[in-house]
Structures are given as C-alpha cells and as structure tokens.
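**Q** Here's my sequence, what's the structure:
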Amino acid sequence: MEATPSDAVAAMLRLAETHDLRRQAETSCRQWIQSSAEEGDLNGLSPSDIQMVFERCALVFEHGILNYPFVETRLGLYVPDPSAVYFQGRRSIGHYRLITLLDGTTDDDYFILDDPKPAGPGAASST
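**A** Residues are numbered from 1 along each chain as shown. Here you go, the predicted structure:
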C-alpha cells in the first residue's frame, strides 16, 4: 500500500505528540529566558513581561545548511501592546526554535531576542 500525504501528516502529528515537542520547546524557552534575565540580556524586560506563543511544528526535509531532515518547533516571543497597534495586542520581540531529529532527539535550539523597544510612533508590525 502506497503512503499518502495524509499518512505523512499523521506520522508527523504522532512524532510531535510522542516526543511532546511543544512542551519541550516551552520548557527550554523558559530556561533561556531565565538565564538571559540572570545575565542581564533581556534589554530591560522582566521574564514575566515575555509571552511565549506557539507558532508551528514543521518538518524541514530540505535545508540550505543542514543535510538531514528535522522538525522545527517555533515559539514567538511577545510583550503586551496596550496601544493595540500590533496584531492581537502583542508586539513581537523575538522567537525560540527547537530543532529535533526525526527520532525526537534534540539537535539544537535558538533563542533570538530582537530589540524589544518599539520602532517609534506609528510603527506597526506585519500580520
């Protein structure tokens, strides 16, 4: 029997669930945030200011640098935007990426914190 695209999606959903990739990413990201706060690298933000928002869990089967398939679990990092200029009242300040191999083994992770200051009056983010 030939595999279908829906079989591939079901397999990826099982992989993400079996290895609890979303929870794993959230836990690692919290550790990065805490460590960055202790080192004074949050640009004046408190860890409690930062909201983690799940963005995606995706299979990357061809990559410009890595020569093997992997799963990228990505969390967006946001701060509240009381002015509601930004999408959903949250201003993006960075992201966290967890890279896992297809067997669920963590390969790498990246904590990227952009300058958390707004760009200025009238600044808006793309949606």
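
**Q** Follow the chain on from the helix-or-strand element of the chain with minimal mean pLDDT and name the next helix or strand.
**A** Sorting the helices and strands of the chain by mean pLDDT, DSSP states H and E puts helix 5-18 at the bottom, at a mean of 92. Counting by DSSP states H and E, the next helix or strand C-terminal to helix 5-18 is helix 21-38.

**Q** Who are the packing partners of that next one?
**A** strand 51-60, strand 70-80, strand 90-100, strand 106-113 (3 or more CB pairs under 8 Å, 6 or more residues apart in numbering; DSSP states H and E). C-beta: built from backbone N, CA, C; applies to glycine.

**Q** Next, the contact list for the closest residue to residue 97 other than its chain neighbours, please.
**A** Closest residue to residue 97 apart from its sequence neighbours, by CB to CB, 6 or more residues apart in numbering: residue 110 at 4.5 Å. Going by CB atoms under 8 Å, 6 or more residues apart in numbering, residue 110 touches 95-97, 99.

**Q** still on that earlier bit, mean pLDDT and distance to residue 12 added to the helices and strands packed on helix 21-38, as JSON lines?
**A** Shown next, in JSON lines, are the helices and strands packed on helix 21-38 (pLDDT from 0 to 100; distance: least, CB to CB, whole Å):
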{"stretch": "strand 51-60", "mean pLDDT": "96", "distance to residue 12": "5"}
{"stretch": "strand 70-80", "mean pLDDT": "96", "distance to residue 12": "7"}
{"stretch": "strand 90-100", "mean pLDDT": "95", "distance to residue 12": "12"}
{"stretch": "strand 106-113", "mean pLDDT": "95", "distance to residue 12": "16"}
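
**Q** what would the ones you listed look like in CSV with distance to residue 22?
**A** Formatted as CSV, those follow (distance: least, CB to CB, whole Å):
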stretch, distance to residue 22
strand 51-60, 6
strand 70-80, 6
strand 90-100, 9
strand 106-113, 14
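
**Q** Which positions in the least confident helix or strand of the chain come out as buried?
**A** Of all the residues in helix 5-18, those buried under the rule 16 or more other CB atoms under 10 Å are 15-16.

**Q** For it, enumerate the helices and strands it packs against.
**A** By 3+ CB pairs under 8 Å, 6+ apart, helix 5-18 packs against strand 51-60, strand 70-80.
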